[in-house]
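Engineer: Fold the following and give me the result.
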Amino acid sequence: MRCARSSPPCDDARRSAAAAGGRPIIDVGAIAFDLDGTLLDTVHELATAVNALLDELGYPPLAQDVVGALIGKGMANLVRRALALAADVSPDAVDDCRR
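Structural biologist: Just a heads-up that it's a prediction; the model follows:
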């Protein structure tokens, strides 16, 4: 944790670090990650997963750059877009099975 100026959270972190022998102690309640490719470059892993799904359903694989172009607005949209492209239909024609 880098503290540029004095503030109660930073002061607390400095005191905790001193008490722990110099290592900061930070109480973390939760950490959230967005792994659909918008924060991290996960296109290779997403393409692998999408192509495994397509293979299981009998469709040919999509190129990694094609899968990369489909990324955005969450995993459900990625799957919908990939299935629509593989089946040569509109993404609106792919049913949302999360009901």
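
Engineer: going forward, measure contacts between C-alpha atoms and count neighbours the same way
Structural biologist: Fine.

Engineer: Now do the buried residues in the strand or helix carrying Val50.
Structural biologist: Following DSSP states H and E, one finds Val50 within helix 43-56. Across helix 43-56, burial judged by 16 or more other Cα atoms under 10 Å covers 43, 46-48, 50-51, 53-54.

Engineer: Could I get the average pLDDT for that helix?
Structural biologist: Taken as a whole, helix 43-56 has a mean pLDDT of 95.

Engineer: next structured bit after that helix?
Structural biologist: helix 64-70.

Engineer: got the CA coordinates for that next one in PDB?
Structural biologist: In PDB, the C-alpha atoms belonging to helix 64-70 read as follows (Å, rounded to 0.1, in the frame of the first residue of the first chain):
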ATOM      1  CA  GLN A  64      -8.200 -16.100 -31.500                       C
ATOM      2  CA  ASP A  65      -8.500 -12.700 -33.100                       C
ATOM      3  CA  VAL A  66     -12.100 -13.400 -33.900                       C
ATOM      4  CA  VAL A  67     -12.800 -14.400 -30.300                       C
ATOM      5  CA  GLY A  68     -11.000 -11.200 -29.200                       C
ATOM      6  CA  ALA A  69     -13.400  -9.100 -31.300                       C
ATOM      7  CA  LEU A  70     -16.300 -10.700 -29.500                       C
END
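
Engineer: Give the next helix or strand downstream of that helix.
Structural biologist: helix 75-87.

Engineer: quick one: that next one to helix 43-56, angle?
Structural biologist: 50 degrees (axes from the mean of the first three to the mean of the last three Cα atoms, to 10 degrees).
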